[in-house]
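Peer 1: got a structure for you, letters missing:
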């Protein structure tokens, strides 16, 4: 009996994305092996954290890297670093930010659950723009003597391009952080934000598409900022003491990043294309399926749910409660399949289940 069966927890096919609430990802075998190996001996955690950071920085072509306890923890530590630096008095003072720059600017249209991490070390969130986006003038107006950093995401819609944010913020002496939790891989993005766009640091998730331990994140970028993150991190007497990363997780995320940097991305793209074609072929006989389109590793399936009398939520529930159990989301009759989360054999199992529901 496996552990999930023993506990009464039902596994499912994750066709949604690398979401935390769904377990993040399935770790690469090399990451699991590295964690098991690391679990068998004692090491100095400071030394392990330092060496792993140096190795990941070297692999990705950056000045420095720090392993945090998930991407949200990375945001908290990076914000703390921007406010207090490596000053030992200020480090212990947080989350009291008296005498420090303590405002972090974000797009109003891109507020997200994890921005609570900005507030953990005591910072205040300042919104720029509106629900549609922001302008350069609006960003400039938000910057003041209290601004500690600007935090942004890969832009969409009318969000400001990152290179323009960097230009405006750096002209006022303000560092720029990028939440890249869903932006890596491809591996080129490890360098793109920092080297080409000039951001001070990116915060990535080690447990999403990188497929390391879910409880890991990465702060990658300028050495001075990353070193300050380490000063605020575990096991120091600092805001990051509650954000522990063990030797096993450190070994696991190192192995995962190394795998990402060494794997054949062309072969990955070919496999994604094959899976997309299999889904289109497998559903071609259903009169309820109006279209099957692929963009990157996401397939969108337009379905005439009204002919079955199903709502989006009812269709999601049928997939969740069926065999196999499939988790994803459906909006306005459009069903999403994230190919990057599917494991070997799951495409065929999912197609069979969809045919049961959608074919006459």
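Peer 2: Structure received. Values in this document were obtained by computation on a predicted structure and should not be read as measured data. Residues are numbered from 1 along each chain as shown.
Peer 1: Tell me which stretches of the stretch 101-250 of the chain form strands.
Peer 2: 103-107, 124-128, 147-153, 176-179, 201-205, 217-221 (DSSP state E, counting those that start in this stretch).
Peer 1: Nearest to residue 338, out of these?
Peer 2: Closest of the strands of the stretch 101-250 of the chain to residue 338 is strand 201-205, at 14.8 Å (criterion: CB to CB). C-beta here means a position set from N, CA and C on the backbone, and glycine is covered the same way.
Peer 1: same for that closest one, what does it pack against?
Peer 2: Secondary-structure packing of strand 201-205 (3 or more CB pairs under 8 Å, 6 or more residues apart in numbering; DSSP states H and E): helix 71-84, strand 176-179, strand 217-221, helix 223-232.
Peer 1: Recalculate using a threshold of 7 Å.
Peer 2: helix 71-84, strand 176-179, strand 217-221 (3 or more CB pairs under 7 Å, 6 or more residues apart in numbering; DSSP states H and E).
Peer 1: Of all the residues in the helix or strand hosting residue 30, which ones are buried?
Peer 2: According to DSSP states H and E, residue 30 maps onto helix 29-38. By 16 or more other CB atoms under 10 Å, the buried positions in helix 29-38 come out as 30, 31, 32, 34, 35, 38.
Peer 1: same question, stretch 47-67
Peer 2: In stretch 47-67, counting by 16+ other CB under 10 Å, buried: 48-49, 52-53, 56-57, 59-60, 62-67.
Peer 1: What of stretch 240-256?
Peer 2: 240, 243, 245-256.
Peer 1: Go through those and flag which are in helices.
Peer 2: Under the assignment DSSP state H, the buried residues of stretch 240-256 contribute 247, 248, 249, 250, 251, 252, 253, 254, 255, 256 to helices.
Peer 1: what about the nearest residue to residue 258 once chain neighbours are set aside, which SS state?
Peer 2: Leaving out its chain neighbours, the residue that sits closest to residue 258 by CB to CB, 6 or more residues apart in numbering is residue 59, at 6.0 Å. Assigned state for residue 59: helix (three-state reduction, DSSP: H, G, I helix; E, B strand; the rest coil).
Peer 1: Hmm, residue 59 is touching residue 261, no?
Peer 2: Yes. Counting by CB atoms under 7 Å, residue 59 does reach residue 261; the two are 4.9 Å apart.
Peer 1: pLDDT at residue 114, what is it?
Peer 2: Here the pLDDT value assigned to residue 114 is 71.
Peer 1: Tally up the residues packed near it, please.
Peer 2: Number of residues near residue 114 (other CB atoms under 10 Å) recorded here: 19.
Peer 1: could you measure the closest residue to it other than its chain neighbours against residue 284, distance?
Peer 2: Of all residues not flanking residue 114 in the chain, residue 72 sits nearest, at 4.6 Å (CB to CB, 6+ apart). Residue 72 sits 42 Å away from residue 284, taking CB to CB, to the nearest Å as the criterion.
Peer 1: When the two are compared, which one has more neighbours?
Peer 2: More neighbours surround residue 72 than the other of residue 72 and residue 284, with 23 against 9 (other CB under 10 Å).
Peer 1: can you tell me which of the buried residues of stretch 47-67 are in strands?
Peer 2: Those of those mapping onto strands are 64, 65, 66, 67, per DSSP state E.
Peer 1: Closest one of the buried residues of stretch 240-256 to residue 307?
Peer 2: For these, the nearest to residue 307 is residue 256 (43.9 Å; CB to CB).
Peer 1: Verify the contact between the closest one and residue 31 for me.
Peer 2: Yes. Under the criterion of CB under 7 Å, residue 256 makes contact with residue 31 at 4.4 Å.
Peer 1: Residues that sit against both of these two, list them.
Peer 2: 211, 212 (CB atoms under 7 Å, 6 or more residues apart in numbering).
Peer 1: Could you point out the member of the buried residues of stretch 240-256 that lies closest to residue 132?
Peer 2: Once CB to CB is applied, the member of these that ends up nearest residue 132 is residue 243, at 34.5 Å.
Peer 1: Between the helices and strands packed on strand 201-205, which one is closest to residue 294.
Peer 2: strand 176-179 (25.9 Å).
Peer 1: doesn't residue 44 make contact with residue 247?
Peer 2: No. At 9.3 Å, residue 247 does not count as touching residue 44 under the criterion of CB under 7 Å.
Peer 1: Could you point out the longest helix of this structure?
Peer 2: helix 265-282.
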